[in-house]
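1. Have a look at this fold, sequence not included:
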């Protein structure tokens, strides 16, 4: 059996003092604080933040985030009797960042989580994901239902393998291209974001939020936000306001910025550079359905929900996901589901978790 060492343990007392005060203000129960440590899995090292004891719940973040995006969920799940574990996913934070682009396929990402379960000596877990983390979570439940006994996805619904490589289907015009096409070439996006990581993070977090979408139709805002003008960069238009919305503080931005100042953006962007490779790898699973119990939660101002064709995909989600128990749509919420609406997300997750067989 592969031996996995626990290499580092770091208490988060200074950082989590603020989170504790916020939890008290929100009426959330308080118990032990999250602790970070490094575990070896799938040939790399992942940093995890964990809290609580009980059945395992894995929390998988998206772009451009870290374990910290689950700061409001770790304590709530621990208080509800669960062992909540939020890793810095491959390429992020204190976790390893392989250089080669082909080291970020969906098989690598799911494999990291299978290895994490082994490192934690857990036969199975409920997996929760947001954004890219939701894509990983859906595929973990598809590929290894024996290890991931249920799935909750935030923002990004399950999409079965399409008829052609994803980049060939992404929108493009003479003047603009879908943001994921802009991310394909190594270098330009890294250079843009790394010029000022704090400004990039601050503007992205605000720009995709329900607060930013409030000024106009969420559909138009989502379409505009997703397209990058040719010859220009991803960061364009008005910056985030001087005063941030209540769900996002300057200290939150500082934490994310510090992580990306240390790690850079290449590892995170490499996930996007494997979408066509993932399509090729998943050919044997074309048409496969997710049969484990599932929950889907999103905001009605999320740009993902407002992409063209998404209304039909969501209306028919129970077809490829027959175990879907519930779809929760949060009014006024944008893309950062669990950060913008922590109380509602926590309530939905705990209700779902408690409904599952022991």
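-> It's in. This one's a predicted model, so the numbers in the text were calculated from it and none came from an experiment.

2. so the spatially closest residue to residue 287 that is not a sequence neighbour, which of the three states?
-> Excluding the flanking residues, the one nearest residue 287 by C-beta to C-beta, 6 or more residues apart in numbering is residue 160, at 6.5 Å. Backbone N, C-alpha and C define where each C-beta goes, glycine included. What DSSP: H, G, I helix; E, B strand; the rest coil gives for residue 160 is coil.

3. Identify the residues contacting residue 160.
-> Each residue near residue 160 by C-beta atoms under 8 Å, 6 or more residues apart in numbering is listed here: 286-288, 320.

4. repeat that for 10 Å
-> With contacts taken as C-beta atoms under 10 Å, 6 or more residues apart in numbering, residue 160 has the following neighbours: 138, 142, 282, 285-290, 313, 319-321.

5. Please pick the buried ones from those residues.
-> When these are checked for burial by 16 or more other C-beta atoms under 10 Å, the buried set is 138, 142, 282, 290, 313, 320-321.

6. Tabulate the contacts of residue 160 in TSV, adding columns for secondary structure and distance to residue 45.
-> What follows is the contacts of residue 160, written out as TSV (DSSP: H, G, I helix; E, B strand; the rest coil; distance: C-beta to C-beta, whole Å):
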residue	secondary structure	distance to residue 45
138	helix	25
142	helix	26
282	coil	27
285	helix	28
286	coil	33
287	coil	36
288	coil	31
289	coil	34
290	coil	29
313	helix	36
319	coil	39
320	coil	34
321	coil	33
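
7. For those, give me CSV that also has pLDDT and distance to residue 327.
-> Formatted as CSV, the contacts of residue 160 follow (pLDDT from 0 to 100; distance: C-beta to C-beta, whole Å):
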residue, pLDDT, distance to residue 327
138, 99, 14
142, 98, 18
282, 98, 24
285, 98, 23
286, 97, 24
287, 97, 22
288, 98, 21
289, 98, 17
290, 98, 14
313, 97, 11
319, 98, 13
320, 98, 14
321, 98, 10
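
8. Specify which member of the buried ones among the contacts of residue 160 is nearest to residue 35.
-> When the buried ones among the contacts of residue 160 are compared for distance to residue 35 (C-beta to C-beta), residue 138 wins out at 28.4 Å.

9. if I pick the closest one, what's in contact with it?
-> So residue 138 contacts 106, 110, 127, 129, 148, 151, 153, 156-160, 290, 294, 296, 320-321 (C-beta under 10 Å, 6+ apart).

10. Could I have the buried ones of the residues you listed as PyMOL selection syntax?
-> Buried residues among the contacts of residue 138 (16+ other C-beta under 10 Å), as a PyMOL selection:
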select buried, resi 106+110+127+129+148+151+153+156+157+158+160+290+294+296+320+321
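
11. just to revisit the earlier point, which single one of the contacts of residue 160 is nearest to residue 268?
-> Nearest to residue 268, judged by C-beta to C-beta, of the contacts of residue 160 is residue 138 at 19.1 Å.

12. can you tell me how far the closest one sits from residue 316?
-> 15 Å (C-beta to C-beta, to the nearest Å).

13. just for this protein, where's the confidence low?
-> Where the chain drops to pLDDT under 70, the residues are 1-31, 215-225, 237-238.

14. need the strands for it, in chain order.
-> 6-11, 35-41, 44-51, 56-60, 83-87, 125-130, 148-154, 176-178, 227-229, 294-299, 324-330 (DSSP state E).

15. For the fifth one, which helices and strands make contact with it?
-> Packed against strand 83-87, as judged by 3 or more C-beta pairs under 10 Å, 6 or more residues apart in numbering; DSSP states H and E, are the following elements: strand 35-41, strand 44-51, strand 56-60, helix 71-79, helix 106-119, strand 125-130.

16. TSV please, covering those and showing distance to residue 234.
-> Formatted as TSV, those follow (distance: least, C-beta to C-beta, whole Å):
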stretch	distance to residue 234
strand 35-41	30
strand 44-51	26
strand 56-60	23
helix 71-79	25
helix 106-119	23
strand 125-130	20
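
17. among these, which is nearest residue 168?
-> Of all the helices and strands packed on strand 83-87, helix 106-119 sits nearest to residue 168, with 18.0 Å by C-beta to C-beta.

18. what about that closest one, distance to the chain center?
-> Averaging C-alpha positions (C-alpha atoms, centre = their mean, to the nearest Å) puts helix 106-119 16 Å from its chain's average.

19. Hey, what's the angle from that helix to strand 35-41? Just curious.
-> Orientation check (axes from the mean of the first three to the mean of the last three C-alpha atoms, to 10 degrees): helix 106-119 against strand 35-41 gives 110 degrees.

20. Does anything pack onto helix 106-119? Which helices or strands?
-> Using 3+ C-beta pairs under 10 Å, 6+ apart, the elements in contact with helix 106-119 are strand 35-41, strand 44-51, strand 56-60, strand 83-87, strand 125-130, helix 132-143, strand 148-154, helix 275-281.

21. Parallel or antiparallel, list what pairs with the third one.
-> In other words, strand 56-60. strand 83-87 (parallel), strand 125-130 (parallel) (DSSP bridges).

22. Equivalent analysis for the first one, please.
-> For strand 35-41, the paired strands and their directions (DSSP bridges) read strand 6-11 (antiparallel), strand 44-51 (antiparallel).

23. what residues are up against residue 57?
-> 70, 73-74, 77-78, 80, 82-86, 125-128, 150, 152, 349-350, 353.
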